[in-house]
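[1] Below are the sequence and a predicted model for it; my questions follow.
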Amino acid sequence: MKQKRTFGTPRLLGIVWPFIAVVLFQALLGGVSLYVLSAVRGYVAGESLWSKGQKDAIYYLTLYADSRDEATFLKYQNAIAVPQGGHELRLALDRPTPDLSAARLSILKGGNHPDDVSSLIWLYLNFRHFSYLEKAIELWTVGNGYLVQLDALAQEMHRAILGNQVSDGDVKRWKARIFAINDGVTPAAKAFSDALGEGSRVILRMLLVINLATALILIALALLRTRKLLTQRRAFADALELEKERAQITLESIGDGVISTDVDGAITYMNPAAEALTHWKAAQAQGLPLAALFNLLDEDVQADGFTLIEHILADQLSGGSEHSKLIQRVDGSTVSVTLVGAPIRSAGKVSGAVLVLHDMTQERQYIANLSWQATHDALTGLANRREFEYRLEQVINSAGRQHGGRHALMFLDLDQFKLVNDTCGHAAGDELLRHICALLQSALREGDTLARLGGDEFGILLQNCPPPMAEKIAESLRHTVQSLHFVWKGRPFVTTVSIGLVHISQTPTTLETSLRTADMACYMAKEKGRNRVQVYHADDSELSLRFGEMAWVQRLHIALEENRFCLYAQEIAPLGHTELGCGHIEILLRLHDETGRIILPNSFIPAAERYGLMTSLDRWVVENVFKIIAKCMLERPGRPMAVCAINLSGITIGDDDFLGFLREKFNAYNIPPEMICFEITETSAISNLGSAIRFINELKALGCQFSLDDFCAGMSSFAYLKHLPVDFLKIDGSFVKDMLDDPINRAMVEVINHIGHVMGKRTIAEFVETPQIEQALLEIGVDYAQGYLIERPQLFTFDSLQCRPVRAQPLLFRAPGMFR
């Protein structure tokens, strides 16, 4: 909703434009009036000249009849030329296309002033049908007829006189005719003059009325505008008062302290927040200097050399930037604040200052809490992996500069911790972790670092600890954990720990090397039977051999070079009435090791993810799936094929080059995008949410489909689901396989299926291995099923892509009351 504008400086043009418009109109009207009057005056003057010319012409022609003098005839010709000019003017303007040049010459011939030429023509052309002018023109025409007769008689007399063929009877006849013409033209001329006069008077009255009406309109507009301005002024004053009250209420309501002073620094106003901050009441502080309320200190609690008011007036606390300071109250207590100050200016002069104080106590506590959370584990309160690696790096960097300083790094991994979580739940596991952390912390020296690296893994950094002492501490920690008798709801558990120990000396090393060797040593302790301490030595042949066995990175590189990977396919079957074209299969990756054995992906995928090989593996899968589809389309054209679901890792989703790779392969192999469904795990999607959303949207624009795998495996988020534009939700198999025995797992399947349907997504249940589970999924309404009951993984071939026959669905029986 658009807010009503309360304050606004009225523009000058907005106030005076009606007056300007009326004045311009009246000036235009006046100019037109003067122009019309000038034209009328010209006609009146011309009529006078024409009348005089007519009379003179009659006189000289009569005289010429008696005297027969050529000079007299010339005088006649000069006199008749004036009314003839008027006659020619009318004839020139009455033509279908007025002859303006001839009209100008006729006007000048008629004796009018040259300045009147344009106005005479304009008036005739535009007002000829005006009643009075129309009547005058008619009389003008009549008069011109007599003039034509007179001039014809004059020419007849002139020819006769020149031929000496004049008798007394001719002269008498000529005079009679002259007197008859004079008797006819005189009334016409008088009527013409009267008509012009009446027309000019009517025009004058009309112009007078129009000018008076315009003046009245101007007065009315002036009154209306003045009234509006007065109304606006009252509204402005009311709004100003309202804004003042609103500002007062706002200042009293905000949480920041606001103090205003005069130019000398004496306090003129304090809001309630400022009262609480300074422990002074506004009434008590009125008129006191700021220094009487508090002292301004820097963050290092050093007194500021200038007074606060000097800082403000010098614009050192303004400009929109916040300055962190300490204020020391009269009672000696201090509080951290950020402050902004600015001078108050009136008419270009400084009349005071305003200071805004924001109490930073809570913010600093929040910052401290956030800083602690960023470097510590929420469950145990120990340092987290990030903080541990930071401290370790500091120790490694300082080890080379110290002489004789030795340190030790330990990785600890609880043995069989998963058993506690699986049998008693995560609450039991969390409680066990807290107990063990307390025991480990109590067995360490002051200054040693204990950190939780994740799950049941811990790291310990022993600074300035010789190797014998470090190994003794490690054994002590192992015995301490072993001696813990943990009981959860009457069920006892025996806990042990495997420890990998690495000595850090002056020998140059790196953070990555230290962590990897400690991790390797801990892994070796588990391999050798758990509940032991494994000390890493660079020359330990057995450890080196084990490290070689763990070198999956090299093995994966070689496997890619030798093309020892292969693809399997497993059907995803519709349940109930759900249909999916010609079927849906998931593409599965397998590895042939050096001896030809089939290696499942859970053996090598973690190493590939850790060492950045997943993008290469995903590219290999896409390339080979597309090859098989393209070959099938070429050899079996026109046959419908199943949708292929290809798994992608979270690292691949965040790789910008992979999108270009996919577009290139779609074009190269001419694969219809709608027959490709990419599967991404919930964990990878949420950990790379922005990249995942962009990745999904760009490929969905091509026509690809998406499936969210292992949904709710980590119980992470239904909240993120609405941001991920996927087509399918794959319900994690950990819920499906035990749903018949565990009501919580069944409830989870129902909830995931319901929310997926509400969001318009189809659901797929994994680990469907028995008809009873399939029956339960049908009851719940899950759309698709995948598992050994449907089909065991088969080598991916042409047959895998063909339309699948419709499976016979199990009968769906419900007991009374089960319908919902």
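    Sure, I can see it. Numbering: from 1, shown residues only.
[2] rest of the way, CA atoms for contacts and neighbours
    Fine.
[3] what sits against D256?
    With contact set as Cα atoms under 8 Å, 6 or more residues apart in numbering, D256 has these partners: A273, A274, V356, L357, H358, D359.
[4] how far away is it from A276?
    10 Å (Cα to Cα, to the nearest Å).
[5] Same question for N624.
    According to Cα to Cα, N624 and A276 sit 72 Å apart.
[6] What of V82?
    For V82, the distance to A276 - Cα to Cα - is 104 Å.
[7] So between these two, which is more surrounded?
    Legend: neighbour count by other Cα atoms under 10 Å for V82 and A276, higher for V82 (26 against 12).
[8] ok, the nearest residue to the more buried one once chain neighbours are set aside - how many residues close by?
    For V82, the nearest residue in space outside its immediate sequence neighbours is G110; the separation is 4.2 Å by Cα to Cα, 6 or more residues apart in numbering. A count of nearby residues for G110, using other Cα under 10 Å, gives 24.
[9] show me where the stretch 401-550 of the chain has helices.
    417-424, 426-442, 467-482, 511-527, 541-549 (DSSP state H, counting those that start in this stretch).
[10] looking at those, which is buried most?
    The densest packing among those, expressed as mean neighbour count by mean count of other Cα atoms under 10 Å, is seen in helix 511-527 with a mean of 20.
[11] for that helix, packing partners?
    Based on contacts counted as 3 or more Cα pairs under 8 Å, 6 or more residues apart in numbering; DSSP states H and E, the elements that helix 511-527 packs against are helix 385-399, strand 407-415, strand 496-504, strand 533-535, helix 541-549.
[12] among those, which is nearest L778?
    strand 407-415 (40.1 Å; Cα to Cα).
[13] how many degrees apart are the closest one and helix 385-399 in direction?
    Here the directions of strand 407-415 and helix 385-399 differ by 150 degrees (axes from the mean of the first three to the mean of the last three Cα atoms, to 10 degrees).
[14] Other residues contacting strand 407-415?
    With Cα under 8 Å, 6+ apart as the test, strand 407-415 has contacts from 395, 456-467, 470, 474, 495-505, 514, 518-519, 521-522, 526, 530-531.
[15] just stretch 104-118 next, same as before
    Contacts for stretch 104-118 (Cα under 8 Å, 6+ apart): 38-39, 42, 45-46, 49-50, 81-86, 88-89.
[16] which pair in those residues spans the largest distance?
    Pairwise distances among the contacts of stretch 104-118 were taken by Cα to Cα; the largest, 23.6 Å, belongs to S38 and A81.
[17] pretty sure R386 contacts T375?
    Yes - using Cα atoms under 8 Å, R386 is in contact with T375, at 6.5 Å.
[18] of those two, who's got more company?
    For R386 versus T375, the count of surrounding residues by other Cα under 10 Å is larger for T375: 18 against 15.
[19] Which residue is the nearest non-sequential neighbour of that one?
    Take T375 and drop its neighbours on the chain: the residue closest to it by Cα to Cα, 6+ apart is E387, 5.1 Å away.
[20] I figured the one you found hits H376, correct?
    Yes - the pair E387 / H376 is scored as a contact, 7.3 Å apart, by Cα under 8 Å.
[21] can you tell me which strand in the chain is longest?
    When the chain is parsed with DSSP state E, its longest strand is strand 334-346.
[22] buried residues in that one?
    Neighbour counts over strand 334-346 (16 or more other Cα atoms under 10 Å) mark T334, S336, V337, T338, L339, V340, G341, A342, P343, I344 as buried.
[23] Beta-bridge partners for the fifth one, please?
    When you say that, I think you mean L339. Counting by DSSP bridges, L339 forms beta bridges with H323, L357.
[24] Touching, it and L357? I think so.
    Yes - using Cα under 8 Å, L339 is in contact with L357, at 4.6 Å.
[25] Which residue, other than its chain neighbours, is closest to I259?
    M270 (4.7 Å).
[26] Kindly state the domain boundaries assigned to this protein.
    Domains of the chain are assigned by automatic domain parsing as 12-226, 256-365, 376-550, 563-801.
[27] What's the mean pLDDT across the longest one?
    pLDDT averaged over domain 563-801 equals 88, rounded to a whole number.
[28] do stretch 240-255 as well
    Rounded mean pLDDT across stretch 240-255 is 77.
[29] From the chain's centroid, how far away is that stretch?
    In terms of Cα atoms, centre = their mean, to the nearest Å, the centre of stretch 240-255 is set 32 Å apart from its chain centre.
[30] Equivalent analysis for stretch 565-585, please.
    How far stretch 565-585 lies from its chain's middle: 42 Å, per Cα atoms, centre = their mean.
[31] mind saving the C-alpha coords of that stretch as PDB?
    Only the C-alpha atoms of stretch 565-585 are listed here, as PDB (Å, rounded to 0.1, in the frame of the first residue of the first chain):
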ATOM      1  CA  PHE A 565      35.200 -50.600 -13.800                       C
ATOM      2  CA  CYS A 566      31.800 -52.000 -14.900                       C
ATOM      3  CA  LEU A 567      28.200 -51.100 -14.700                       C
ATOM      4  CA  TYR A 568      25.200 -53.000 -13.300                       C
ATOM      5  CA  ALA A 569      21.500 -52.200 -13.400                       C
ATOM      6  CA  GLN A 570      18.700 -52.800 -10.900                       C
ATOM      7  CA  GLU A 571      15.000 -52.400 -11.600                       C
ATOM      8  CA  ILE A 572      12.900 -49.800  -9.800                       C
ATOM      9  CA  ALA A 573       9.400 -51.200 -10.100                       C
ATOM     10  CA  PRO A 574       6.100 -49.300  -9.700                       C
ATOM     11  CA  LEU A 575       3.700 -50.200  -6.900                       C
ATOM     12  CA  GLY A 576      -0.100 -50.100  -7.200                       C
ATOM     13  CA  HIS A 577      -1.300 -48.100 -10.200                       C
ATOM     14  CA  THR A 578       1.800 -46.000 -10.600                       C
ATOM     15  CA  GLU A 579       3.200 -46.000 -14.100                       C
ATOM     16  CA  LEU A 580       6.600 -44.900 -15.300                       C
ATOM     17  CA  GLY A 581       6.700 -45.400 -19.100                       C
ATOM     18  CA  CYS A 582       8.800 -48.400 -19.900                       C
ATOM     19  CA  GLY A 583      10.400 -48.800 -16.600                       C
ATOM     20  CA  HIS A 584      13.100 -47.300 -14.400                       C
ATOM     21  CA  ILE A 585      16.500 -48.800 -13.600                       C
END
